[in-house]
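Student: Give me a model of this one.
(one chain, ligands or ions: 1)
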Amino acid sequence: MTTQRDRIDIQLAGDTPATESAARVEAGVVAKGAGEGKMNLFDLDRASLERFFEETLGEKKFRAHQVMKWIHHRYVTDFAEMTDLGKALRAKLEASAEVRVPQVVFDKASTDGTHKWLLGMDPKNAIETVYIPDKGRGTLCVSSQVGCALNCQFCSTATQGFNRNLSTAEIIGQVWVAARHLGNVPHQQRRLTNVVMMGMGEPLANFDNVVRAMSIMRDDLGYGLANKRVTLSTAGMVPMIDRLALESDVSLAVSLHAPNDELRSELVPLNKKYPIEQLMDACVRYALRKRGTSVTFEYTLMKGVNDQPQHARQLLRLMRQFDNAVQMKDAAKVNLIPFNPFPGTRFERPDDAAIRAFQKLLNEAGMIAPVRRTRGDDIDAACGQLKGQVMDRTRRQAEFQKQLQARGLGNEAA
Ligand code: SF4
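Tutor: Numbering: from 1, shown residues only. Predicted coordinates:
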């Protein structure tokens, strides 16, 4: 298990790794120092890289395509190794650009094949990225912010507060590190088949950087993933769901977690701003923009909180309303996620019988609602457990500590 002790021992960018695990940084995967004034090419999707080549370097567009392949298909970050570029162009690139890879502070493998990386984003902050292999697919759970400002009550990330948005480079850098580690070859040997923007942070609160990074994930010169294999998960930022519908074609997942406003406002405070009716309407608009789009609703089951029969019936009603509005049977998909505990949380996972009973109620009404298998909980990589190193600007960490102390749990549970 990742323990508080591990976390304290982690030393971020520039420090000597303090633990064995910190020393297990993959050979070659080290953060390059921020090149002064240099453009980090991880920040650029195809269109902006073409512009950079044409307008800044005075080169042809196709050179940008060659460089994308070197970076995202062959994991080469040193311009000197990009052998199909002329010497003069390599020198120009060296002078004005860089490919700055996030620092792997440590990585851990779970007994079930799940793999977690702690990636240093700057000298004070680090985020987590998780790879989950399954039959015929490999899913990478990617973070969009350092911490999260939304404060969902059952989420480990929320207890860490918030520092800042990640840049496009820092988002796509997570994919690069994992894909390189896995030996992924886009279009040939696909170890990485899906990306879910479900790690630390609310992706729609970092809209532009996330959309640009998702465009690299879906580009043939990037990671070549189909639209439906890239999923953005939101706690329900209604206006931004509409904006996403205009600008991107990825799959949408909504963290619902409660079937009525009273309970949802308690669990997901954003619900006070965008209540369920508004949220569901935005989901309908998202699904209607393209025929056949399904929307996935995530529902974390917490013992005695939202796992009762009346909750299942309310959830069913909501999902049926959604199906009717988009005029498509089974358009709404529900994933049931048994709560994954983390130190200091006041919530508990329901026992297996209660989870099955909740699922049965949905199934008997004709709704398919798979229970997501918990993966990587031995390395704190399960859903809702991600927790990097956040220099909190919201004072939430301090507040969480205060609450724990009031409950007699002290610092141990942080
Ligand atoms: S569940 Fe998602 S949106 Fe809510 S606090 Fe956690 S990371 Fe943020």
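Student: Going by C-alpha atoms from here, please, whenever you check contacts or count neighbours.
Tutor: OK.
Student: ok but Ala126 is inside a strand, no?
Tutor: Yes: Ala126: assigned to a strand according to DSSP: H, G, I helix; E, B strand; the rest coil.
Student: In contact with it, which residues are there?
Tutor: 12, 118-120, 146, 388-390 (Cα atoms under 8 Å, 6 or more residues apart in numbering).
Student: repeat for Lys61
Tutor: Contacts of Lys61 (Cα under 8 Å, 6+ apart): 50-51, 53-54.
Student: quick one: which of the contacts of Ala126 sit in strands?
Tutor: Among those, DSSP state E puts 118-120, 146 in strands.
Student: Where does Gln174 fall, secondary structure wise?
Tutor: For Gln174, the host element (DSSP states H and E) is helix 168-182.
Student: How far off centre is that helix?
Tutor: Its chain's C-alpha centre and that of helix 168-182 lie 12 Å apart, by Cα atoms, centre = their mean, to the nearest Å.
Student: In that helix, which residues are buried?
Tutor: 168-180 (16 or more other Cα atoms under 10 Å).
Student: go on, stretch 213-228?
Tutor: 213-227.
Student: again with stretch 329-341
Tutor: 330-341.
Student: follow-up on the earlier one: of the contacts of Lys61, which ones also sit close to the ligand?
Tutor: Here nothing survives when those are matched to the ligand using Cα under 6 Å from any ligand atom.
Student: Among those residues, which lie within helices?
Tutor: 50-51 (DSSP state H).
Student: Name the member of the contacts of Lys61 with the most neighbours.
Tutor: Within these, most neighbours by other Cα atoms under 10 Å means Glu50, with 20 neighbours.
Student: Which residues are in contact with that one?
Tutor: Contacts here follow Cα under 8 Å, 6+ apart; on that basis Glu50 touches 60-62, 64-65.
Student: what do you get if the cut-off is 6 Å, keeping everything else the same?
Tutor: 61, 64 (Cα atoms under 6 Å, 6 or more residues apart in numbering).
Student: circling back: so which of the buried residues of stretch 329-341 sit within helices?
Tutor: Among those, no member falls in helices (DSSP H).
Student: okay, those in TSV with pLDDT and distance to the ligand next?
Tutor: Output for the buried residues of stretch 329-341, formatted as TSV (pLDDT from 0 to 100; distance: Cα to the nearest ligand atom, whole Å):
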residue	pLDDT	distance to the ligand
Asp330	85	25
Ala331	87	23
Ala332	91	20
Lys333	93	19
Val334	96	16
Asn335	96	15
Leu336	97	14
Ile337	96	12
Pro338	95	14
Phe339	95	12
Asn340	90	12
Pro341	89	13
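Student: can I see the domain layout of the chain?
Tutor: 40-99, 103-407 (automatic domain parsing).
Student: so of those, which one's packed in deepest?
Tutor: domain 103-407 (a mean of 20; mean count of other Cα atoms under 10 Å).
Student: Quick one: end-to-end distance for that domain.
Tutor: Length of domain 103-407, first residue to last, Cα to Cα, to the nearest Å: 37 Å.
Student: Show me how far that domain is from its chain's centre.
Tutor: Counting by Cα atoms, centre = their mean, domain 103-407 comes out at 7 Å from the chain centroid.
Student: 76 is where my numbering starts, stick with that
Tutor: Sure, I'll start counting at 76 from here, so that last one is domain 178-482.
Student: Please check which residues sit opposite Leu194 as beta-bridge partners.
Tutor: Val179, Ile202 (DSSP bridges).
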